[in-house]
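Q: here is my input, please return the structure:
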Amino acid sequence: ASKIKWASVKSPDRSFEKVYRSYGNDVSRLVDVVRQQIIFRTVRDLRECLDTIASDPEATILRHKNRLSLDHDAVQSAG
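A: Numbers count the residues shown, from 1 in each chain. I've put the predicted structure just below:
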């Protein structure tokens, strides 16, 4: 079954480090201060969840990171 992994808030020290080292002091790029994870057993389960979120008129997906893609560049997105 899928599960939610609750994360803590990113520490101020780590946030400052990421803004300085990865984002050229552009604090507007720091968007993962609080993030959660939903862990799926199958890609199908993942796809069903994404489809459900995307079809919800009250939800807006502002950005996504597809780490499964062969084109994913971790350097470009700092992770």
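Q: so where do the helices sit in this structure?
A: For the chain, the helices defined by DSSP state H occupy 12-22, 43-55, 74-77.
Q: contact partners for A54?
A: Contacts for A54 (Cβ atoms under 8 Å, 6 or more residues apart in numbering) come out as I61. Where C-beta positions appear, they are placed from N, C-alpha and C, glycine not excepted.
Q: what pLDDT, on average, does stretch 3-15 get?
A: What stretch 3-15 shows for mean pLDDT is 85.
Q: check stretch 24-37 too.
A: The average pLDDT for stretch 24-37 rounds to 86.
Q: same deal with stretch 44-61?
A: Here the average pLDDT along stretch 44-61 is 92.
Q: and it, how far out from the chain middle?
A: 15 Å (Cα atoms, centre = their mean, to the nearest Å).
Q: coming back round to it: make a markdown table from the helices of the chain and add distance to R63 to it.
A: Output for these, formatted as a markdown table (distance: least, Cβ to Cβ, whole Å):
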| stretch | distance to R63 |
| --- | --- |
| helix 12-22 | 16 |
| helix 43-55 | 13 |
| helix 74-77 | 9 |
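Q: so which of the ones you listed comes closest to I4?
A: helix 43-55 (11.0 Å; Cβ to Cβ).
Q: then that closest one to CSV, C-alphas only?
A: Provided in CSV are the C-alpha atoms of helix 43-55 (Å, rounded to 0.1, in the frame of the first residue of the first chain):
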residue,chain,number,x,y,z
VAL,A,43,4.3,3.3,-11.0
ARG,A,44,0.6,2.7,-11.7
ASP,A,45,-0.3,3.8,-8.2
LEU,A,46,1.8,6.9,-8.6
ARG,A,47,0.1,7.7,-11.9
GLU,A,48,-3.4,7.3,-10.5
CYS,A,49,-2.5,9.7,-7.6
LEU,A,50,-1.1,12.3,-10.0
ASP,A,51,-4.1,12.0,-12.2
THR,A,52,-6.4,12.5,-9.2
ILE,A,53,-4.5,15.6,-8.1
ALA,A,54,-4.4,17.1,-11.6
SER,A,55,-8.1,16.6,-12.1
